[in-house]
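Trainee: here is a sequence together with a model predicted from it:
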Amino acid sequence: MDLKEWFANRKKKTEQGEVKQPLTTEEYCALWTQCFQCRELLYTRDLRSNLDVCPKCQYHFRVGAEQRIEQLVDAGSFVETEAKLSSADPLGFVDSEPYPKRLLEAERRSGLKEAIITGVGNIEDQKAALGIMDFGHFGGSMGSVVGEKVTRLVEKAEKERLPLILISSSGGARMQEGILSLMQLAKTSSALKSFSDAGLLYISILSEPTYGGVTASFAMLGDMIIAEPGARVGFAGRRVIEQTIRQKLPADFQTAEYLMSHGQVDMVIERHKLKEALAGLIKFHGQALKPSSVIQQKGAALYSR
C-alpha cells in the first residue's frame, strides 16, 4: 500500500466514524481531575470510587448533595421531603443580573432546586432524618427556602422521634434575600431548641467549606459536631479577619484540625469512616430516641426490683 492509498483509507474510515478523534478540552477534564493540595492528576472514575478523596494526600474534595446521599445512606432507603419548595424573589433584587435569572442558572448548573436536600433514610439500618447542603448550588447559601426546609426537617424528626443529621457546606446567608435570609438563623435555631428539649440526638457535620450564617446557626448547635479532614469552618473569611485585627493568622486557622484542638469540634472523621461512625453514634444514643413512656416504664421496672 502506497502513501496515497493509506491516506485515502484513513479518510474513508474517518468519514465512517471508525477513527477516534482527539479528546476535546471538556472531555479531557471529565476524565481527569487535579488534586488541589498535592497537584496530582487523578483519573476521575478512580477518584469517585474513592469517595472523592485523593489517594495520594487524602485531600477531601467537595461533594454534592446527591453524591453524599449515595455515600452515606443505604441504597434505596432515602425518601426526599419538601422537594418542590423553591425560592421566590421577595425583594425584586437586581445586582449585575436579576435574582430569578441567577436562580435559574444555579439550578441548571447543579441540577437542584435549592442548596439543600432533605429527607429520611437508613444509615446501616438506622433510620434518621437528613439534610445535606450542596455548595454547587448558589454557593450553598442559606435563603428562605433552605431555612424552611431545615426547620421542617427538624420538626419532622421531633414528631417521629428520629435522630437528626445535617451536613453543612455553605458560603453563608443569601444576600439576594436580605433580612429574610438572616431571619433563617433564628428560625432554625429555635426549631433545634425544641428538638433538644425533646431529648433527641442532633449530629452536625461540617464539610468544606462552612461559613457565615450557617456556621452562626444550626451548623454549630449539634449535640455532636463532626468535621471532615481539612474542612474550613468559620464566620468571616481569613482575609477579612486579618485586615480587621491587623495580625497574621496561623497557617491552619479555621481548619477542622485547628477547631478540634481549640474545643469547637468534637471529632474529625475521614469520609471512608463517616457512615460507620454515624451508625455507631445513632445506636449508642438509641435509648434516648425511644418514646419517653417506654423509658419511664423501664425505669419503673428497675425500681420495682
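Mentor: That came through, no problem. In this text, all values refer to a predicted model and were calculated from it rather than measured experimentally.

Trainee: make it CA atoms for all contacts and neighbour counts henceforth
Mentor: Noted.

Trainee: run through the strands of this protein in chain order.
Mentor: Listed in chain order, the strands of the chain (DSSP state E) span 32-34, 41-43, 79-81, 116-123, 126-133, 164-170, 202-210, 224-227, 267-268.

Trainee: among those strands, which is the most enclosed?
Mentor: Mean neighbour count (mean count of other CA atoms under 10 Å) peaks for strand 164-170 among the strands of the chain, with a mean of 27.

Trainee: mind listing the strands that one pairs with, and their directions?
Mentor: strand 126-133 (parallel), strand 202-210 (parallel) (DSSP bridges).

Trainee: CA atoms only: put that strand into CSV for me.
Mentor: C-alpha atoms of strand 164-170 as CSV (Å, rounded to 0.1, in the frame of the first residue of the first chain):
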residue,chain,number,x,y,z
LEU,A,164,-31.2,14.3,63.0
ILE,A,165,-28.1,14.7,60.8
LEU,A,166,-27.3,18.0,59.0
ILE,A,167,-24.3,18.2,56.6
SER,A,168,-23.2,21.8,56.0
SER,A,169,-21.4,23.2,53.0
SER,A,170,-22.1,26.9,52.6
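
Trainee: for Phe284, find the nearest of the strands of the chain.
Mentor: strand 126-133 (11.1 Å; CA to CA).

Trainee: for that closest one, the distance to its chain's centre please.
Mentor: 11 Å (CA atoms, centre = their mean, to the nearest Å).

Trainee: just stretch 124-144 next, same as before
Mentor: With CA atoms, centre = their mean, you get 5 Å for stretch 124-144.

Trainee: straight-line length of it, end to end?
Mentor: Start-to-end span of stretch 124-144 (CA to CA, to the nearest Å) is 32 Å.

Trainee: follow-up on the earlier one: switch the strands of the chain over to JSON lines; also include mean pLDDT and distance to Pro90.
Mentor: Listed next are these as JSON lines, based on pLDDT from 0 to 100; distance: least, CA to CA, whole Å:
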{"stretch": "strand 32-34", "mean pLDDT": "89", "distance to Pro90": "39"}
{"stretch": "strand 41-43", "mean pLDDT": "91", "distance to Pro90": "44"}
{"stretch": "strand 79-81", "mean pLDDT": "97", "distance to Pro90": "24"}
{"stretch": "strand 116-123", "mean pLDDT": "97", "distance to Pro90": "20"}
{"stretch": "strand 126-133", "mean pLDDT": "97", "distance to Pro90": "23"}
{"stretch": "strand 164-170", "mean pLDDT": "97", "distance to Pro90": "22"}
{"stretch": "strand 202-210", "mean pLDDT": "97", "distance to Pro90": "26"}
{"stretch": "strand 224-227", "mean pLDDT": "97", "distance to Pro90": "34"}
{"stretch": "strand 267-268", "mean pLDDT": "96", "distance to Pro90": "39"}
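
Trainee: of all those strands, which one is nearest Ser144?
Mentor: So among these, strand 116-123 is nearest, using CA to CA, at 11.6 Å.

Trainee: show me what that closest one is packed up against.
Mentor: helix 65-72, strand 79-81, strand 126-133, helix 144-160, helix 271-284 (3 or more CA pairs under 8 Å, 6 or more residues apart in numbering; DSSP states H and E).

Trainee: any idea of the angle that strand forms with strand 164-170?
Mentor: Counting by axes from the mean of the first three to the mean of the last three CA atoms, to 10 degrees, strand 116-123 lies at 140 degrees to strand 164-170.

Trainee: strands paired with strand 116-123, and their directions?
Mentor: Strand 116-123 is paired, per DSSP bridges, with strand 79-81 (antiparallel), strand 126-133 (antiparallel).

Trainee: of these, which approaches Val53 most closely?
Mentor: Closest approach to Val53 among the strands paired with strand 116-123 is made by strand 126-133 (18.4 Å; CA to CA).

Trainee: show me what the closest one is in contact with.
Mentor: 64-65, 68-69, 115-122, 140, 150, 153-154, 157, 162-170, 279, 282-283 (CA atoms under 8 Å, 6 or more residues apart in numbering).

Trainee: rewinding a little: need the strands paired with strand 116-123 in JSON lines with distance to Asp95, can you?
Mentor: Formatted as JSON lines, those follow (distance: least, CA to CA, whole Å):
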{"stretch": "strand 79-81", "distance to Asp95": "32"}
{"stretch": "strand 126-133", "distance to Asp95": "25"}
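
Trainee: out of those, the one nearest Ser217 is which?
Mentor: That would be, of those and by CA to CA, strand 126-133, which comes in at 14.2 Å.

Trainee: that closest one to helix 144-160, inter-axis angle?
Mentor: Using the same axes, to 10 degrees: strand 126-133 against helix 144-160 is 170 degrees.

Trainee: could you dump the strands of the chain to a markdown table with distance to Thr244?
Mentor: Listed next are the strands of the chain as a markdown table, based on distance: least, CA to CA, whole Å:
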| stretch | distance to Thr244 |
| --- | --- |
| strand 32-34 | 34 |
| strand 41-43 | 38 |
| strand 79-81 | 42 |
| strand 116-123 | 32 |
| strand 126-133 | 30 |
| strand 164-170 | 22 |
| strand 202-210 | 20 |
| strand 224-227 | 27 |
| strand 267-268 | 29 |
